[in-house]
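**Student:** What follows is a predicted protein model with its sequence.
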Amino acid sequence: MTTQELETDLLASQTDLSRYVEAALRTDRPYLVVASASVRAWERREPETWAKVSDWLAARGKTLVEI
């Protein structure tokens with residue numbers, strides 16, 4: 001999935017996942033820090049959208065660090 005395709009999908013999302021995608025695009029760091037509660041909420045509320053974002057991050061070599 002391209003970044004453009006993901007961003008288009010996120011326009012319909014009721015989550016703040018687009019904010020994390022934008023953060024991943026702005027940094028050269030190989031990781032993205034996110035609250036565990038946020039991940040659980042995304043998995044519960046929009047599992048397909050979360051799976052797309054998770055796959056997109058992995059494809060770009062970004063590791064998700066839950067705190």
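**Tutor:** That came in fine, so what should we check first? Residues are numbered from 1 along each chain as shown.

**Student:** Which residue ranges of this structure form helices?
**Tutor:** In the chain, the segments counted as helices under DSSP state H are 3-10, 17-26, 36-45, 47-59.

**Student:** Can you check what pLDDT the model gives the residue nearest in space to the middle of the chain?
**Tutor:** In the chain, the C-alpha nearest the mean C-alpha coordinate belongs to V53, at 3.9 Å (Cα atoms, centre = their mean). pLDDT for V53: 95.

**Student:** ditto for A12
**Tutor:** Here the pLDDT value assigned to A12 is 86.

**Student:** Phi and psi next, for it.
**Tutor:** Main-chain dihedrals, A12, degrees, to the nearest 10: phi -90, psi 0.

**Student:** Now do the same contact list for it.
**Tutor:** Residues near A12 by Cβ atoms under 8 Å, 6 or more residues apart in numbering: none. (Glycine included, C-beta is placed from N, CA and C.)

**Student:** run the last query once more with 10 Å
**Tutor:** Applying Cβ atoms under 10 Å, 6 or more residues apart in numbering, one finds that A12 lies in contact with E46, T49.

**Student:** Against I67, how distant is the nearest residue to D55 once chain neighbours are set aside?
**Tutor:** Excluding the flanking residues, the one nearest D55 by Cβ to Cβ, 6 or more residues apart in numbering is M1, at 6.9 Å. Distance, M1 to I67, by Cβ to Cβ, to the nearest Å: 26 Å.

**Student:** Need the outlier residue of this structure, farthest from its centre.
**Tutor:** Distance to centre of the chain, Cα atoms, centre = their mean, peaks at D28 (15.7 Å).

**Student:** Could you report the neighbour count for the closest residue in space to E66 that isn't next to it in sequence?
**Tutor:** Excluding the flanking residues, the one nearest E66 by Cβ to Cβ, 6+ apart is S36, at 4.3 Å. Neighbour count of S36, defined by other Cβ atoms under 10 Å: 9.
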